[in-house]
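S.K.: how would this look folded up:
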Amino acid sequence: MALLEIRDLSVEFGTKERPFKAVNRVSYTVDRGEVVGIVGESGSGKSVSSLAIMGLIDPPGRVSAEALCFNEVDLLSLSDSARRHVVGDEIAMIFQDPMTSLNPCFTVGYQIMETLKVHQGGSRRERKARALELLEKVGIPDAKSRLNLYPHQLSGGMSQRIMIAIAIACNPKLLIADEPTTALDVTIQGQIMELLLELQQTENMALMLITHDLALVAEAAEKIVVMYAGEVVEVGDAETIFASPLHPYTEALLKALPEFSKGRARLEALPGVVPGEYDRPKGCLLNPRCPYKQPLCVENPPELRGGERQVKCHFPLNITSLIFEEDQL
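M.R.: Predicted structure coming up:
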């Protein structure tokens, strides 16, 4: 069984009379110890879907799913207190901006110890020792003196390391990292990614990397889930997706990267923007931007189909690399 199973997850905002689906019938799985990359440009629903997993969608947002199961437990069926226990102990999340995620009114040590107090208990001495151990584990020098620092006294890279320390404090089975390298310089980005992957191995936890940067997950992820306009458009193992993308959107993301430019003088960019609440097209949501558009694409929305390799497209690219079962054709 998968550690995390998501089936037909939807997140709606707005009124019931005029709802807007920021996430629409998203389905994928994360296995134990697996590194999964969730990729797509801004507005694709990556962060909203992760917040739904964590139970952090506030009203008037509405979350529904056929299945949202962690470790074979349906998260949507749990009471608020029971879900907080699961989320705090077994699922953790690193948020986008470390500079604003930490509470400016409390020291680093207090914030780590408070997390331990809520979820694991123990004496103050035990919590302080564990906080010191966590700071050393995430590579913070002179960890003892850093316990008494406030967030404004930390650099961006240091703040992100503190956030990672808080996230792994309870030894989670699943760590969700939402744009973990945003606003960090290139050298610090590499250090943070190296730290996350090292912790994933040593702590034997599953890791979800949410990012708009395919290059970031190129070497790290075992599986990739590509999202566009709130929908999953392609799922597959990383090596196969990078070698032969099936969806035009995935192909466009790859062509925009220098690493996959194949010697072209200019990088290619997909024209247009992700559709918003009031400009969603009929049929396939990518059709106004798609260079391979056919009449069927404008008339009917495609379904996500396939087995281990999935694609939501009427006319998949590199079709020879995809094997559909007969009832899926």
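S.K.: Let me see the ranges of the helices in this protein.
M.R.: Secondary structure of the chain (DSSP state H): helices located at 46-54, 80-90, 98-101, 108-119, 124-137, 143-146, 156-167, 186-202, 214-217, 238-243, 248-255, 295-299.
S.K.: is it possible to export those to CSV including mean neighbour count and mean pLDDT?
M.R.: C-betas here are computed from N, CA, C, even on glycine. CSV is the format used below for the helices of the chain (neighbours: other Cβ atoms under 10 Å; pLDDT from 0 to 100):
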stretch, mean neighbour count, mean pLDDT
helix 46-54, 22, 96
helix 80-90, 15, 88
helix 98-101, 17, 84
helix 108-119, 19, 92
helix 124-137, 17, 94
helix 143-146, 15, 91
helix 156-167, 23, 93
helix 186-202, 16, 91
helix 214-217, 20, 86
helix 238-243, 18, 92
helix 248-255, 22, 93
helix 295-299, 14, 95
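S.K.: Adding distance to residue 8, write the ones you listed out as TSV.
M.R.: Shown next, in TSV, are the helices of the chain (distance: least, Cβ to Cβ, whole Å):
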stretch	distance to residue 8
helix 46-54	12
helix 80-90	19
helix 98-101	30
helix 108-119	30
helix 124-137	37
helix 143-146	44
helix 156-167	28
helix 186-202	28
helix 214-217	24
helix 238-243	22
helix 248-255	21
helix 295-299	23
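S.K.: Of the ones you listed, which is nearest residue 229?
M.R.: For residue 229, the closest of the helices of the chain is helix 248-255, at 9.3 Å, according to Cβ to Cβ.
S.K.: Show me what that closest one is in contact with.
M.R.: 39-41, 214, 226, 228, 233-234, 241-242, 245, 260-261, 267-270, 286, 290-292, 313, 317 (Cβ atoms under 8 Å, 6 or more residues apart in numbering).
S.K.: Export it to CSV, keeping only CA atoms.
M.R.: Included here for helix 248-255 are C-alpha records, laid out as CSV according to Å, rounded to 0.1, in the frame of the first residue of the first chain:
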residue,chain,number,x,y,z
PRO,A,248,2.6,19.2,-24.5
TYR,A,249,2.8,21.2,-21.2
THR,A,250,5.5,18.9,-19.8
GLU,A,251,7.4,19.3,-23.1
ALA,A,252,7.1,23.1,-22.9
LEU,A,253,8.4,23.1,-19.3
LEU,A,254,11.4,21.1,-20.5
LYS,A,255,12.1,23.2,-23.5
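S.K.: ok, back up a step: of the helices of the chain, give the one that comes closest to residue 70.
M.R.: Closest of the helices of the chain to residue 70 is helix 80-90, at 6.5 Å (criterion: Cβ to Cβ).
S.K.: who does that closest one touch, helix- and strand-wise?
M.R.: Judged by 3 or more Cβ pairs under 8 Å, 6 or more residues apart in numbering; DSSP states H and E, helix 80-90 is in contact with helix 108-119.
S.K.: could you give the angle of the helix it packs on to helix 124-137?
M.R.: Helix 108-119 runs at 120 degrees relative to helix 124-137, counting by axes from the mean of the first three to the mean of the last three Cα atoms, to 10 degrees.
S.K.: What's the separation between the spatially most central residue of the chain and residue 189?
M.R.: For the chain, the residue lying nearest the average C-alpha position, counting by Cα atoms, centre = their mean, turns out to be residue 210 (2.9 Å). Separation of residue 210 from residue 189 (Cβ to Cβ, to the nearest Å): 15 Å.
S.K.: Let me see the residues that make contact with stretch 298-306.
M.R.: Counting by Cβ under 8 Å, 6+ apart, 27, 231-233, 235, 281-285, 287, 310-314, 322, 324, 328 sit against stretch 298-306.
S.K.: Filter those down to the buried ones.
M.R.: 27, 231-233, 235, 283-285, 287, 310-314, 322 (16 or more other Cβ atoms under 10 Å).
S.K.: From those, which one has the minimum pLDDT?
M.R.: Minimum pLDDT across the buried ones among the contacts of stretch 298-306 is recorded for residue 322, with 49.
S.K.: Residue 27: what's it in contact with?
M.R.: In this structure, residue 27 makes contact with 6-9, 232, 304, judged by Cβ under 8 Å, 6+ apart.
S.K.: Out of the residues you listed, which comes closest to residue 174?
M.R.: Closest to residue 174, out of all of the contacts of residue 27 and judged by Cβ to Cβ, is residue 6, at 11.9 Å.
S.K.: Who does that closest one form a beta bridge with?
M.R.: Note on residue 6: beta-bridge partners by DSSP bridges are residue 28, residue 68.
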